[in-house]
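1. quick one: sequence plus predicted model below, questions after.
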Protein chains: 2
Amino acid sequence: MKEGPDISRIAALIGDPARANILTALMDGRALTASELAEEAGVGLSTASGHLSKLTEAALITPRKSGRHKYFHLTDAEVAAVLEALMGLAARTGATRVRTGPRDAQMQVARVCYNHLAGRMGVQMYSSLIGRGLVVEIGEDASLSDAGRTFAEQFGIDLKGLEKGRTRLCRTCLDWSERRNHLAGSLGRAMLDRMEEQGWMARVPGQRVIRVTRKGERAFEEMFGVVG
Amino acid sequence: MKEGPDISRIAALIGDPARANILTALMDGRALTASELAEEAGVGLSTASGHLSKLTEAALITPRKSGRHKYFHLTDAEVAAVLEALMGLAARTGATRVRTGPRDAQMQVARVCYNHLAGRMGVQMYSSLIGRGLVVEIGEDASLSDAGRTFAEQFGIDLKGLEKGRTRLCRTCLDWSERRNHLAGSLGRAMLDRMEEQGWMARVPGQRVIRVTRKGERAFEEMFGVVG
DNA sequence: TTCATAGTTTGATCGTAGCCGAACTATTCA
DNA sequence: TGAATAGTTCGGCTACGATCAAACTATGAA
């Protein structure tokens, strides 16, 4: 039959362990150099260089030259979403990598998904926004209601500024650990940034884990907590 | 870093062209046999068999045995969603494929599935029996209610005779064109035989197509037609 | 300049995994 | 019952691609 786009090329690209490691390492939205990625992937620099050029050609990652370094990052949130979705499938068959370490437990509470909040708290925030009618889900996308716009602006987010960008304001992203949607898009990113600014939470450098402060716990629960 | 589930196994599985073809062919939700999938994938039956067992082990597809056939379908909508997402990524870099024509229309109306009625009419009959409480579905199997026994005997079927055989009276069978269950088992066979005896329909020799007479159309509609 | 570091390209090696045909099992048909 | 069809398993062949080291280019530092 062979209808539709050919998925095998892209999937095969992700299917190599070294390349999968590279992509996974980029899942926190940072940009890493070729050497760093070679280290992450556990291969030599020359091998990594080959992988990186293939991934770049397929537009999964995008390079940025800076002096004699070359930084790579995931091309956009859609790539990240596909990787998350694949993690979801992998997690179902119990193909979690070796053993689940202590870091995994933290990741399930709060982690960075590309540039927005994921994990239990990400899902909780999203379902709270939905439940209060601030965000309306439309298929895979979502949009902000009037009440939602007011809420976001009161939270300190420059909606008009975000809407100037080319990325969609609201997107949904399937959370692999919670198996439910959380908020992505430029608003998702801005929400996480704002919560960091307010000292609610802080990313742990070099990891996807997000550390939540005690103040953040209280404030988050007050704002997005489950209503009796 | 290597955090989270290992995506490379799943992605590598999808990354082989033959397996990608198999998965793509199943994207519409139908269940296909191993032979059909081998044809779709463009490989031999033995090769396809190997692929199918790998995909099954990873829970991307789920097999269902039906007589000497084995039908495979995508495990659930989440798998389909991931494939869709991958197609989205693939389409961005411009790797699309050719489309092929529709399938045989007659087969979709009525055909033999081993020895029982399949296609639109087979599914219609089954859902009518279920809807009127004559047959009760229990997982993949089914059983005849008391009212169902009366109905079958009035239809001219020797239930006691059937029950002497070793094959189950009622089985369900997944219809590939309709994607829904129809009636199999010795009762399914007897029903088709009886309908042929009564001149409602006739098998076309050497084909799976069943020709339905005008009389048969009327009688079938009266007996299994949708109740307004 | 000259040296050092970051990354790319090339060529050779080597494993793995896809492929087929043939033999085998299971189920149906006649 | 024997013949035909659907699917699985096994053994051997082959090819693709991941890998590394070494040579090469590019940028920055001394």
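-> Looks like it came in fine.
2. can you list the domains in chain A?
-> Following automatic domain parsing, one finds the domains of chain A at A:7-75, A:79-224.
3. of those domains, which is nearest residue B:5?
-> Nearest to residue B:5 among those is domain A:79-224; the distance by C-beta to C-beta comes to 3.8 Å. Using the backbone N, CA and C atoms, a C-beta is placed for each residue, glycine as well.
4. residue A:25 should be in a helix, yeah?
-> Yes. Counting by DSSP: H, G, I helix; E, B strand; the rest coil, residue A:25 is located in a helix.
5. measure it to residue B:73 for me?
-> Applying C-beta to C-beta, to the nearest Å, the value for residue A:25 to residue B:73 is 35 Å.
6. please apply the same query to residue A:110.
-> To residue B:73, residue A:110 is 37 Å away according to C-beta to C-beta.
7. next: residue A:147.
-> Distance, residue A:147 to residue B:73, using C-beta to C-beta: 42 Å.
8. likewise residue A:124?
-> To residue B:73, residue A:124 is 34 Å away according to C-beta to C-beta.
9. again, but for residue A:93
-> Applying C-beta to C-beta to residue A:93 and residue B:73 gives a distance of 17 Å.
10. same check on residue A:33?
-> Residue A:33 sits 45 Å away from residue B:73, going by C-beta to C-beta.
11. more neighbours: which of those two?
-> More crowded of residue A:33 and residue B:73, by other C-beta atoms under 10 Å in any protein chain shown: residue B:73, with 18 against 14.
12. is that one in a helix, a strand, or coil?
-> strand.
13. next, the spatially closest residue to it that is not a sequence neighbour: phi, psi?
-> Leaving aside its sequence neighbours, residue B:73 sits nearest to residue B:31 (C-beta to C-beta, 6 or more residues apart in numbering or on different chains; 3.9 Å). The phi/psi pair for residue B:31 (degrees, to the nearest 10) reads phi -110, psi 130.
14. what is the burial count for residue A:51?
-> 22.
15. let me know the helix or strand that it is in.
-> helix A:45-57 (DSSP states H and E).
16. and for the helix or strand just after that helix, what are the contacting residues?
-> Per DSSP H and E, the first helix or strand lying C-terminal to helix A:45-57 is strand A:61-66. By C-beta atoms under 8 Å, 6 or more residues apart in numbering or on different chains, the residues outside strand A:61-66 that reach it are A:22-23, A:26, A:31, A:52, A:55-56, A:70-75, A:79.
17. tell me the buried residues in strand A:61-66?
-> The neighbour-count check on strand A:61-66 (16 or more other C-beta atoms under 10 Å in any protein chain shown) flags residue A:61 as buried.
18. do stretch A:124-140 as well
-> So, applying 16+ other C-beta under 10 Å, buried residues of stretch A:124-140: A:124-130, A:134-135.
19. taking those residues one by one, which sit in strands?
-> residue A:135 (DSSP state E).
20. would you list the phi and psi of residue A:33?
-> Main-chain dihedrals, residue A:33, degrees, to the nearest 10: phi -80, psi 170.
21. how about the residues of chain A by DNA strand D?
-> Those residues of chain A that sit near DNA strand D, judged by C-beta under 7 Å from any atom of the strand, are A:12, A:16-18, A:43-44, A:46-47, A:50-51, A:54, A:67-68.
22. same list, these, but as JSON lines with distance to residue B:201 and pLDDT please.
-> Shown next, in JSON lines, are these (distance: C-beta to C-beta, whole Å; pLDDT from 0 to 100):
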{"residue": "A:12", "distance to residue B:201": "48", "pLDDT": "97"}
{"residue": "A:16", "distance to residue B:201": "54", "pLDDT": "97"}
{"residue": "A:17", "distance to residue B:201": "56", "pLDDT": "96"}
{"residue": "A:18", "distance to residue B:201": "59", "pLDDT": "97"}
{"residue": "A:43", "distance to residue B:201": "64", "pLDDT": "95"}
{"residue": "A:44", "distance to residue B:201": "68", "pLDDT": "95"}
{"residue": "A:46", "distance to residue B:201": "68", "pLDDT": "96"}
{"residue": "A:47", "distance to residue B:201": "64", "pLDDT": "97"}
{"residue": "A:50", "distance to residue B:201": "62", "pLDDT": "96"}
{"residue": "A:51", "distance to residue B:201": "60", "pLDDT": "98"}
{"residue": "A:54", "distance to residue B:201": "57", "pLDDT": "97"}
{"residue": "A:67", "distance to residue B:201": "78", "pLDDT": "74"}
{"residue": "A:68", "distance to residue B:201": "78", "pLDDT": "80"}
